[in-house]
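In: Provided below are the primary sequence and the corresponding predicted coordinates.
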Amino acid sequence: MTATHDVTAQRRTNPPTYETIPVGWIKTAKRNARKHSAAQVDEIVASMKASGVVNPPIVDENYRLIAGEGRYLAIRKMGVATVEVIVVRHLTEEQKRAYAIADTPRAGAFADVDLAASCQFLPNQLYQLHDHYEHLAS
């Protein structure tokens, strides 16, 4: 069985869930592939005020942020007490990191400090993620 099938089976037996949790439960990554300026956070706040939180932050089983730091920062800035998150429990640490990196280019530029470290294992993880999502689409 390939790693793609393992991830698919793990996801099937332990699917992501939506949970509403206190904002203070979310732990941010020590290193993030992207840094958000105050202006970017303000833009996200304006968007959330206009449309709500359409795309909730993604956290792991320990409520550690995997993707959506800009949204998390905006939610904190708005002073919201609780937030809906997507909890993902089936990913390994490397898969979480790869997902966070893969999610970043859609959001914008990388932070220079983490780019070199992030690229060490990225190619293999991106191929696995591509195969996984290609399998789901078929």
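Out: Sure thing, it's come through. Numbering: from 1, shown residues only.

In: lowest-pLDDT helix or strand in the chain?
Out: Sorted by mean pLDDT, DSSP states H and E, the helices and strands of the chain end with helix 112-119, the least confident at a mean of 48.

In: Check for me that Val83 belongs to a helix.
Out: No - remark: Val83 does not belong to a helix; assigned using DSSP: H, G, I helix; E, B strand; the rest coil, it is strand.

In: need the contact list for it.
Out: The contact partners of Val83, taken as C-beta atoms under 8 Å, 6 or more residues apart in numbering, are 20-21, 23, 26, 53, 56-57, 72, 75. C-beta: built from backbone N, CA, C; applies to glycine.

In: quick one: which of those is nearest to Arg11?
Out: Checking the contacts of Val83 against Arg11 with C-beta to C-beta, the nearest one is Pro56 at 17.8 Å.

In: Assign that closest one to helix, strand or coil.
Out: Of the three states, Pro56 takes coil under three-state DSSP.

In: List phi and psi for it.
Out: With angles defined as degrees, to the nearest 10, Pro56 shows backbone torsions of phi -70, psi 160.

In: ok, it to Lys30 distance?
Out: Here the distance between Pro56 and Lys30 works out to 22 Å (C-beta to C-beta, to the nearest Å).

In: Also Ala67?
Out: 15 Å.

In: So for those two, which sits in the more crowded spot?
Out: Ranked by neighbour count (other C-beta atoms under 10 Å), Ala67 and Lys30 place Ala67 first, with 25 against 7.

In: ok, Tyr63 - how many residues close by?
Out: Other residues within reach of Tyr63 by the criterion other C-beta under 10 Å amount to 16.

In: again with Arg11
Out: Here the neighbour count serves as a burial measure; for Arg11 (other C-beta under 10 Å) it reads 16.

In: Could you do the one 10 residues further on as well?
Out: Other residues within reach of Ile21, judged by other C-beta under 10 Å, total 14.
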